[in-house]
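K.L.:
I need the structure of the sequence given here:
(one chain, ligands or ions: 3)
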Amino acid sequence: MESLQVQSYSNSYTVYVGANVRHRLASLCNNNYQTILIITDTTIENLYLEDVKHSFSADQNVHTAVIPAGESSKSHDVYFRLLTKAIDCGLDRKSLIVALGGGVVGDLAGFVAATYMRGIDYIQVPTTILAHDSSVGGKVAINHPKGKNLIGSFYPPAAVVYDVETLHSLSKQEIRSGYAEIVKHALIDNASFFQDVVQHRSIYSISNEVLIDHLLRGIKVKASIVQEDEKESNIRMFLNFGHTLGHALESELGYGKISHGEAVAIGMLFAIKVSEDLLSISLPYNELYDWLKENEYPLRLSYINPTDLLEKMKLDKKAHNQKIQMVLLEKIGCPKAVQVDHSWLLKKLTKFLEEMTVE
Ligand SMILES: NC(=O)c1ccc[n+]([C@@H]2O[C@H](COP(=O)([O-])OP(=O)(O)OC[C@H]3O[C@@H](n4cnc5c(N)ncnc54)[C@H](O)[C@@H]3O)[C@@H](O)[C@H]2O)c1
Ligand SMILES: O=C(O)C(=O)C[C@@H](O)[C@H](O)[C@H](O)COP(=O)(O)O
Ligand SMILES: [Zn+2]
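P.N.:
Ligands and ions are numbered 1, 2, ... in the order given. Alright, predicted model coming up:
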């Protein structure tokens, strides 16, 4: 098992990464909790819920709440139902919430923990590749129909317990969704990390050893950034590479129609094109495009109105005074936040969408 310490404004927490650590969840954390609510989704309920429940002792009150799997659960309705469940289960300020699942469960359960009785402890137990990103750094949120993650908080977990054995049951779509965030971490960090990832032509046949190496490198990139700028006043924006368009696509197409990572992959291609034009540089656009295509990322979109998409991009949280800011790359490993002129961006976006649209 590997472990890594993350220093936050309120606490320092450990990220444990290893095989079968879900069975040791309770012993890995400060386990003085009398009442525990495990929040998970309908898919994970049948796979790993019992293991996590059994890691607690018989004299602890362990409750469970199961939400429908998928992005549409990051909603006000499901959030409110979970708060009601927490009240009904008798959770108090010394209770614990366990977020057992991917980024949806993590963001949602984390936001419940952040707001229930003004904040109680929670532990992230990620079960997707993507959640190597979402479980670290304390961003918790739900979506608004108008935009992604518009309601949320910065609320660090008490611990992260990442059982890599759970990743064996992921579907191909979830593998590629998660790998998009690994590629993002590589592109903002350094060229050799990027090359180490894209040299693997198929992410579906990557060995466990290589996957764990990629996950640990991704977590290290994320941890070092959030430790320096937890509340995103500066360099944390770099973790948003590919997200200005990615989030707009998720919201415009309807939450869950495209996965988060798939949308971010398209957003990264667009951010690379914008970087090349605005900064007069050359980046490995074709190399990334071909790799994404070989790995079956959906790179053909049905018609989307570029003006509507641009409106969604204005709701991005990096925007200031309604001016869109995108994370661009000066070169691999050198990200930069840049304010982009809207009419120029609309032209670029229109052309990009034309190239990506199926007739
Ligand atoms: N807070 C952050 O810093 C941050 C970072 C990145 C993404 N996110 C958010 O994370 C969300 C996406 O997370 P995700 O991709 O993990 O989605 P998800 O949580 O919806 O999981 C994807 C699907 O995989 C299933 N699943 C999860 N673990 C499984 C397993 N081990 N075996 C089989 N199936 C499994 C789930 O039931 C779901 O159907 C988005 O809402 C995104 O905005 C947050
Ligand atoms: O941790 C961050 O900071 C990120 O930007 C990581 C992203 O991968 C993640 O999708 C995050 O939820 C986006 O945050 P938002 O502030 O743009 O909603
Ligand atoms: Zn993301």
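K.L.:
Check which element follows the helix or strand that contains residue 105 along the chain.
P.N.:
Assigned by DSSP states H and E, residue 105 belongs to helix 103-115. Moving toward the C-terminus from helix 103-115, the next helix or strand (DSSP H and E) is strand 121-126.
K.L.:
which residues in the stretch 251-359 of the chain form helices?
P.N.:
Using DSSP state H, counting those that start in this stretch, the helices of the stretch 251-359 of the chain run over 260-279, 285-294, 306-313, 342-356.
K.L.:
Around the closest residue to residue 20 other than its chain neighbours, how many other residues sit close by?
P.N.:
With C-beta to C-beta, 6 or more residues apart in numbering as the criterion, residue 20 has its nearest non-adjacent residue at 5.4 Å, and that residue is residue 165. Backbone N, C-alpha and C define where each C-beta goes, glycine included. When neighbours are defined as other C-beta atoms under 10 Å, residue 165 has 16 of them.
K.L.:
Surely residue 165 and residue 19 touch.
P.N.:
Yes. Here residue 165 reaches residue 19: they are 4.9 Å apart, a contact under C-beta atoms under 8 Å.
K.L.:
Buried residues of stretch 323-341, list them for me.
P.N.:
Of the residues in stretch 323-341, 324, 325, 326, 327, 328, 329, 332, 334, 335, 338, 340 count as buried by neighbour count, 16 or more other C-beta atoms under 10 Å.
K.L.:
Distance check, residue 324 against residue 75.
P.N.:
When distance is defined by C-beta to C-beta, to the nearest Å, residue 324 is 26 Å away from residue 75.
K.L.:
So residue 187 versus residue 161, what's the distance?
P.N.:
28 Å.
K.L.:
just residue 290 next, same as before
P.N.:
From residue 290 to residue 161 the distance is 36 Å (C-beta to C-beta).
K.L.:
ok, now which ones touch the residue nearest to residue 316 when sequence neighbours are not counted?
P.N.:
Distances taken as C-beta to C-beta, 6+ apart place residue 244 nearest to residue 316, at 4.9 Å, with adjacent residues excluded. Contacts for residue 244 (C-beta atoms under 8 Å, 6 or more residues apart in numbering) come out as 267, 271, 313, 316, 318, 324, 325, 326, 327.
K.L.:
Quick check: the farthest pair among those residues?
P.N.:
For those, the maximum inter-member distance is 13.7 Å, found between 267 and 325 (C-beta to C-beta).
K.L.:
how about the helix or strand of the chain with the lowest mean pLDDT: buried residues?
P.N.:
When the helices and strands of the chain are scored by mean pLDDT, DSSP states H and E, helix 25-28 comes last with a mean of 91. Neighbour-count burial for helix 25-28, counted by 16+ other C-beta under 10 Å, picks out 25, 26, 28.
K.L.:
what distance separates stretch 27-34 from the centre of its chain?
P.N.:
Averaged C-alpha coordinates place stretch 27-34 at 26 Å from its chain's average position (C-alpha atoms, centre = their mean, to the nearest Å).
K.L.:
most remote residue from the chain's center?
P.N.:
residue 59 (34.3 Å; C-alpha atoms, centre = their mean).
K.L.:
Secondary structure element for that residue, which one?
P.N.:
Counting by DSSP H and E, residue 59 is part of no helix or strand.
K.L.:
repeat for residue 162
P.N.:
Element membership of residue 162, judged by DSSP H and E, is strand 159-163.
K.L.:
Can you list the helices and strands that the very next helix or strand once past that strand packs against?
P.N.:
For strand 159-163, the following helix or strand on the C-terminal side (DSSP H and E) is helix 172-189. Using 3 or more C-beta pairs under 8 Å, 6 or more residues apart in numbering; DSSP states H and E as the contact test, the elements touching helix 172-189 are helix 131-134, helix 191-198, helix 208-228, helix 260-279, strand 325-331.
K.L.:
Please save the CA atoms from helix 172-189 in PDB.
P.N.:
Extracted C-alpha coordinates of helix 172-189, given in PDB (Å, rounded to 0.1, in the frame of the first residue of the first chain):
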ATOM      1  CA  LYS A 172     -14.800   0.700 -21.000                       C
ATOM      2  CA  GLN A 173     -16.600   4.000 -20.900                       C
ATOM      3  CA  GLU A 174     -15.600   4.500 -17.300                       C
ATOM      4  CA  ILE A 175     -12.000   3.500 -18.000                       C
ATOM      5  CA  ARG A 176     -11.700   6.100 -20.800                       C
ATOM      6  CA  SER A 177     -13.500   8.700 -18.700                       C
ATOM      7  CA  GLY A 178     -10.900   8.300 -16.000                       C
ATOM      8  CA  TYR A 179      -8.000   8.200 -18.300                       C
ATOM      9  CA  ALA A 180      -8.900  11.600 -19.700                       C
ATOM     10  CA  GLU A 181      -8.200  13.100 -16.200                       C
ATOM     11  CA  ILE A 182      -4.900  11.200 -16.100                       C
ATOM     12  CA  VAL A 183      -4.000  12.700 -19.500                       C
ATOM     13  CA  LYS A 184      -5.000  16.100 -18.200                       C
ATOM     14  CA  HIS A 185      -2.700  15.700 -15.200                       C
ATOM     15  CA  ALA A 186       0.100  14.700 -17.600                       C
ATOM     16  CA  LEU A 187      -0.400  17.600 -20.000                       C
ATOM     17  CA  ILE A 188      -0.300  20.200 -17.200                       C
ATOM     18  CA  ASP A 189       2.700  18.500 -15.500                       C
END
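K.L.:
orientation of that helix relative to strand 121-126 in degrees?
P.N.:
Between helix 172-189 and strand 121-126, the angle comes out at 110 degrees (axes from the mean of the first three to the mean of the last three C-alpha atoms, to 10 degrees).
K.L.:
Spatially nearest residue to residue 140 (excluding sequence neighbours)?
P.N.:
Per C-beta to C-beta, 6+ apart, closest to residue 140 is residue 110, 3.2 Å.
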